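>>> just to be clear, the model below is a prediction. Sequence and coordinates:
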Amino acid sequence: MSVKKTFIIFAFVIVAVAVASFFVGRLSNKAEEAEDVVTEVKMEMTAEPDVYKSSAFSFSFRHEGLVVTEESSSRIAIRNANEGASNPIAYVDVIIEGADAEVPYEQFVLDETRLLCGESSPGASCSEINDLSLIVNQNGLSAQKFFLVFEENGNKRDKGPFLAFNFSENTPGLVSFVLVRPPLTNLGSVDAIEDIAASIDF
């Protein structure tokens with residue numbers, strides 16, 4: 001076999017290998033792209049865009065059509081999606097105390113909730129407790145449900161509902177609860193509060 005024929009065969013083999021590598025690479029890229037698309041579709045199918053999961057604590061709730069903002073690790077504000085940055089219509093607070101709390105859990109909840117009234121504005125306070133009851137939500141979690149009498153500048157009005165879920169099992173050595181509540185300086189939304197409380201899950 002002449003050198004010329006050997007060179008032609010060798011060149012043909014190299015070209016064939018290069019063409020084969022090109023097509024194998026393209027097929028591999030297409031397979032990876034298809035796999036990425038399948039993964040994205042799976043993520044879209046399994047993602048729950050209307051479920052809030054706390055970044056600091058292990059609880060979640062549904063919030064269809066609402067905007068959720070973490071004001072701090074223990075305070076979440078809920079607003080209507082179609083009203084931009086307007087006033088919150090509900091809050092979810094995580095309230096934690098040392099395990100040496102000297103009052104029964106139910107009293108601890110009421111005392112800590114009353115303290116929120118003083119935080120809302122100078123001179124504001126909460127006094128009487130109305131309609132104290134126990135509810136169980138759709139996830140089987142029980143909560144204390146109650147209304148407070150909010151007093152500000154001599155004016156009194158009922159505020160609520162407040163729904164407190166015992167969260168102590170999730171904060172070892174501490175007493176805690178998740179409180180779904182109205183804002184104290186505006187009306188808020190009873191529907192939003194009750195929907196969130198119904199879907200709270202630990």
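On my side now, so go ahead. Numbers count the residues shown, from 1 in each chain.
>>> what helices or strands is whichever strand or helix holds Leu163 leaning on?
Per DSSP states H and E, Leu163 falls inside strand 155-166. Contacts defined by 3 or more C-beta pairs under 8 Å, 6 or more residues apart in numbering; DSSP states H and E place strand 155-166 against helix 105-120, strand 125-136, strand 142-152, strand 174-181, helix 190-199. (Each C-beta comes from the backbone N, C-alpha and C, glycine too.)
>>> reformat the ones you listed as CSV; add mean neighbour count, distance to Glu97 and mean pLDDT.
Output for the helices and strands packed on strand 155-166, formatted as CSV (neighbours: other C-beta atoms under 10 Å; distance: least, C-beta to C-beta, whole Å; pLDDT from 0 to 100):
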stretch, mean neighbour count, distance to Glu97, mean pLDDT
helix 105-120, 16, 7, 89
strand 125-136, 13, 18, 90
strand 142-152, 19, 16, 94
strand 174-181, 22, 5, 96
helix 190-199, 19, 21, 96
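>>> turn the ones you listed into JSON lines, including distance to Asn87.
Putting the helices and strands packed on strand 155-166 into JSON lines (distance: least, C-beta to C-beta, whole Å) gives the following:
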{"stretch": "helix 105-120", "distance to Asn87": "12"}
{"stretch": "strand 125-136", "distance to Asn87": "19"}
{"stretch": "strand 142-152", "distance to Asn87": "16"}
{"stretch": "strand 174-181", "distance to Asn87": "14"}
{"stretch": "helix 190-199", "distance to Asn87": "12"}
